[in-house]
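Peer 1: structure for the following, please:
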Amino acid sequence: MKLFGNLFSKDDPNKELNSILERGKSLLEKNFYDWAAVEFNKAMELNPKVAAKTVTKLFQEMQGGGNPDGIISLGVNVLKMDPKNTELANLLGNTYRKKHDWKHAINMYKHCLKHDHDYTNAIYNLAAAIAKLEIADGNAVSAIGEFEKMTDFVLPEIKEGLEKLYEMQQHFAVVPDEESEKEDDDDDVTETKEETKENDDDVNETKEETKEKAEAEGKEDDSSEANDDNEHDEEEKQDEGNSIDATQTFEYIIANIDAESDEEQEACFTLGIYCLKSKEGKIAQRVFKRLLMKEKQNVDLRCFLVLAISLDGVIDNAIKTLQNILGRNPNHRYSNVNLGMLFKNKGMIQQSRVCFFKTFDLLERSHGDYDIKVCLDNADNLFNDNREKKALEIYEPLVPEIISEELLIRIAKLNVDKKAWDNAFEIYRRILRINRQNKEAREGIKSIHAEYLLASEKYLKQNDAKNAAAAIDKALNIAVSKNLLQKAINLNNLLENENRAVELEQMLRDFKKKEIQAKVQEKIKLAEEAETIRNYKGAIVFYEEAIKIDPQNSTLKKLVDLCVRIKRPDLAEKLTDWFTKLQHSVQEKEKAQAREAYEQSKKNEEEPQNNES
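Peer 2: Model (predicted):
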């Protein structure tokens, strides 16, 4: 990496400062970001002006490098020098989000808004970060623009169902209160008919006048005529909508349609949504409560009931209830978007944006549908028609919301067929989170592990160490072995990925330690079993074997306790002396190995310096 090659002049009079900055640059190139930050901080203490200029230049050069850790390391240092640099703080927030470090991202956006509370990008980025989305800046602002313009609840479309409700009106629309005006029935009907006829005549006269006027004036634009017709149609529909008597319609449905039929359920649902749209909260509550008696677990109905209750003005309670619903069903689209609307109506704009961002993300997954069942049905149809590629395009984004093991297995296999091992692995892992005993998922993960190992071997034959190391890392994410860890360490050393090599070496040490501990526990278990059958000699031998594997004080204590129980204090003393000598010998050996490793490391560091001189 020669990104920072000529930033520091060897003739710089600030020799100590220059030396520190050189070390910081060198550590940065080796991906030791925290250590580099320490060096840059030292430089800041010596000469803030020169250090700030140098580190800022480094930061600018790293912007397009695709190295988020390096950008963050330098950016944080620059921000310490210039805390009012809101653009930088916003950029750092975006970079943290690329790493899914939501907490630090949120802190950066708050830092921006502390110094500039009107910074639009930071305002929207903060909401997106809380929603755990990566969309940023202008894209974030435009993503939820349509949601912020909305004034009413987002509800399902009910056009088809409304036709049946309109038809019901003929049964009671003529006589609004049959019981109170029973004696005047005939007169009222006659009057109503006469009024209707007069109204029809007026409408006809108006239409004739309009027609004559239109013909006299002429219509130059056909599109204008179409628009007038559309507006007229919409007015007629609105008039029809206003003519629905919600109370009588609900009573008619209950009295005349079989309570167990789908027809009754569909009619009630349509009426409930109509009442929500027309702000008739009381009837809406009655309708959704009735529906919930049959479908207690229906999240849509629970959400709509809460919205109906909110129409009574109890918005705070409605917000809390929707939050509880989302606690159990975080991907429910209607609850997310309408919670945003409730927050917006309360003037809690930033909270509403968080909800809108979550809704935006969910709708991206489901191609704009609020009901994922519609999407899954479409995908199933495509799959059954052997259009597997198209089906997978719909299935894939919805995987986090799918709980059917059978369907998830299908999606995983579709990914396996197109050799998308990473996607298949994540889906199999999701299945195992749902059911750890799923055999197909376990076998699927084993096969993917084998594919990663094959891929690493193929890349090694092609002298492609970078991709070989990446494939081994994926295999290690599934199953760890000493040989695989050692191979990964060697490859990362070859690629000079020192950070990763250090991590892998620690993993190897931990793995060996666990392996040794497992062997020790196995011997201790055998010793305890031998003691239960009074085979004391055998028990002592097993304890000695455990100590030879790893001389732990806890194992010695078990051995001494056994000697006490069998009344052999002399043997306990003898074994303690033997343990002490063995432990000392092992410790000396470890010290010698550590000294040797240190000397080798020092030698490796000196070699490049000698080559440069």
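Peer 1: for the stretch 1-150 of the chain, give me the ranges with low pLDDT.
Peer 2: 1-13, 56, 60, 63-66 (pLDDT under 70).
Peer 1: same check on the stretch 501-613 of the chain?
Peer 2: Within the stretch 501-613 of the chain, the ranges that satisfy pLDDT under 70 run 601-602, 604-613.
Peer 1: other SSEs contacting the helix or strand harbouring Ala572?
Peer 2: Using DSSP states H and E, the element containing Ala572 is helix 569-612. In terms of contacts (3 or more CB pairs under 8 Å, 6 or more residues apart in numbering; DSSP states H and E), helix 569-612 is packed against helix 536-549, helix 553-565. For glycine as for every other residue, the C-beta is placed from the backbone atoms N, C-alpha and C.
Peer 1: what would those helices look like in a markdown table with distance to Ala470 and mean neighbour count?
Peer 2: Formatted as a markdown table, these follow (distance: least, CB to CB, whole Å; neighbours: other CB atoms under 10 Å):
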| stretch | distance to Ala470 | mean neighbour count |
| --- | --- | --- |
| helix 536-549 | 35 | 18 |
| helix 553-565 | 41 | 16 |
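Peer 1: so can I have JSON lines of the ones you listed showing distance to Lys289?
Peer 2: As requested, those are exported to JSON lines (distance: least, CB to CB, whole Å):
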{"stretch": "helix 536-549", "distance to Lys289": "67"}
{"stretch": "helix 553-565", "distance to Lys289": "63"}
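Peer 1: how far does stretch 154-163 stretch from one end to the other?
Peer 2: Its first and final residues considered, stretch 154-163 spans 21 Å by CA to CA, to the nearest Å.
Peer 1: identify the residue spatially nearest to Cys355, adjacent ones excluded.
Peer 2: Spatial nearest neighbour of Cys355, excluding adjacent residues (CB to CB, 6 or more residues apart in numbering): Gly340 at 3.2 Å.
Peer 1: I figured the one you found hits Phe360, correct?
Peer 2: No - assessed by CB atoms under 8 Å, Gly340 is found out of contact with Phe360, at 10.1 Å.
Peer 1: the more surrounded of these two?
Peer 2: Neighbours were counted for Gly340 and for Phe360 using other CB atoms under 10 Å; Gly340 has more, 27 against 20.
Peer 1: give me the distance between the more buried one and Phe357.
Peer 2: From Gly340 over to Phe357 the distance is 9 Å, taken as CB to CB, to the nearest Å.
Peer 1: low pLDDT regions in the stretch 151-300 of the chain?
Peer 2: Those would be 173-242, if you go by pLDDT under 70 across the stretch 151-300 of the chain.
Peer 1: what segments of it are helices?
Peer 2: With DSSP state H, counting those that start in this stretch, the ranges of helices along the stretch 151-300 of the chain come out as 159-168, 185-217, 222-242, 246-256, 262-277, 281-294, 299-310.
Peer 1: show residues contacting stretch 526-539.
Peer 2: Here stretch 526-539 makes contact (CB atoms under 8 Å, 6 or more residues apart in numbering) with 540, 542-543, 546, 558, 562, 566.
Peer 1: returning to what we had before: which among the helices and strands packed on helix 569-612 is found nearest to Ile489?
Peer 2: Across the helices and strands packed on helix 569-612, Ile489 has its closest neighbour in helix 536-549 (24.0 Å, CB to CB).
Peer 1: from the chain's centre, how far out does that closest one sit?
Peer 2: Taking CA atoms, centre = their mean, to the nearest Å, the mean C-alpha location of helix 536-549 is offset from the chain mean by 51 Å.
Peer 1: mind saving the C-alpha coords of it as CSV?
Peer 2: Output in CSV follows, covering the C-alpha atoms of helix 536-549 (Å, rounded to 0.1, in the frame of the first residue of the first chain):
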residue,chain,number,x,y,z
TYR,A,536,-8.2,-46.3,43.5
LYS,A,537,-5.0,-47.2,41.7
GLY,A,538,-6.7,-46.7,38.4
ALA,A,539,-8.2,-43.4,39.6
ILE,A,540,-4.8,-42.1,40.6
VAL,A,541,-3.4,-43.0,37.2
PHE,A,542,-6.2,-41.2,35.4
TYR,A,543,-5.6,-38.0,37.6
GLU,A,544,-1.8,-38.2,36.8
GLU,A,545,-2.6,-38.4,33.0
ALA,A,546,-4.9,-35.4,33.3
ILE,A,547,-2.1,-33.5,35.1
LYS,A,548,0.5,-34.4,32.4
ILE,A,549,-1.9,-33.0,29.7
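Peer 1: so that helix versus helix 553-565, what angle?
Peer 2: Helix 536-549 runs at 160 degrees relative to helix 553-565, counting by axes from the mean of the first three to the mean of the last three CA atoms, to 10 degrees.
Peer 1: re earlier: the inter-axis angle of the helix holding Ala572 versus helix 536-549?
Peer 2: Going by the same axes, to 10 degrees, helix 569-612 makes 20 degrees with helix 536-549.
Peer 1: rewinding a little: from the contacts of stretch 526-539, which two are the most distant?
Peer 2: Longest span within the contacts of stretch 526-539, CB to CB: Ala546 and Ile566, 17.9 Å.
Peer 1: how many neighbours does the nearest residue to Thr54 once chain neighbours are set aside have?
Peer 2: Nearest non-adjacent residue to Thr54, counting by CB to CB, 6+ apart: Leu21, 5.6 Å away. Neighbours of Leu21 under the rule other CB under 10 Å: 26.
Peer 1: and if you look at Asn324?
Peer 2: So Asn324, with other CB under 10 Å, has 13 neighbours.
Peer 1: can you tell me the helix or strand for it?
Peer 2: For Asn324, the host element (DSSP H and E) is helix 315-328.
Peer 1: mind listing what's buried in that helix?
Peer 2: 318-319, 321-322, 325-326 (16 or more other CB atoms under 10 Å).
Peer 1: repeat for stretch 21-36
Peer 2: By 16+ other CB under 10 Å, the buried positions in stretch 21-36 come out as 21-25, 27-29, 31-33, 35-36.
Peer 1: also stretch 481-493?
Peer 2: Neighbour counts over stretch 481-493 (16+ other CB under 10 Å) mark 484-485, 487-489, 491-492 as buried.
Peer 1: restricted to helices, list those residues.
Peer 2: Those of these mapping onto helices are 484-485, 487-489, 491-492, per DSSP state H.
Peer 1: count the neighbours of Leu311 for me.
Peer 2: Around Leu311 there are 18 residues (other CB under 10 Å).
Peer 1: for Phe360, which non-adjacent residue is spatially closest?
Peer 2: Ala143 is the one closest to Phe360 (CB to CB, 6+ apart), at 5.1 Å.
Peer 1: tell me how far that neighbour lies from Tyr124.
Peer 2: In terms of CB to CB, Ala143 sits 8 Å off from Tyr124.
Peer 1: and the two? Which one has more around it.
Peer 2: Each of Ala143 and Tyr124 has its neighbours counted (other CB under 10 Å); Tyr124 has more, 24 against 20.
Peer 1: beyond whichever strand or helix holds the more buried one, next helix or strand please.
Peer 2: Tyr124 is part of helix 120-130 when elements are defined by DSSP H and E. Using DSSP H and E, the helix or strand that follows helix 120-130 towards the C-terminus is helix 137-143.
Peer 1: which strands and helices sit next to that next one?
Peer 2: If you count contacts as 3+ CB pairs under 8 Å, 6+ apart, helix 137-143 packs onto helix 120-130, helix 349-365.
Peer 1: now the last one: average pLDDT?
Peer 2: Model confidence over helix 349-365 averages 95 on the pLDDT scale.
Peer 1: now for that helix, which elements pack on it?
Peer 2: Counting contacts by 3+ CB pairs under 8 Å, 6+ apart, helix 349-365 is packed against helix 120-130, helix 137-143, helix 145-149, helix 333-345.
Peer 1: give me that answer again for 7 Å
Peer 2: For helix 349-365, the packing partners by 3 or more CB pairs under 7 Å, 6 or more residues apart in numbering; DSSP states H and E come out as helix 120-130, helix 145-149, helix 333-345.
Peer 1: tabulate the ones you listed (JSON lines), appending distance to Ile158.
Peer 2: Shown next, in JSON lines, are the helices and strands packed on helix 349-365 (distance: least, CB to CB, whole Å):
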{"stretch": "helix 120-130", "distance to Ile158": "31"}
{"stretch": "helix 145-149", "distance to Ile158": "21"}
{"stretch": "helix 333-345", "distance to Ile158": "14"}
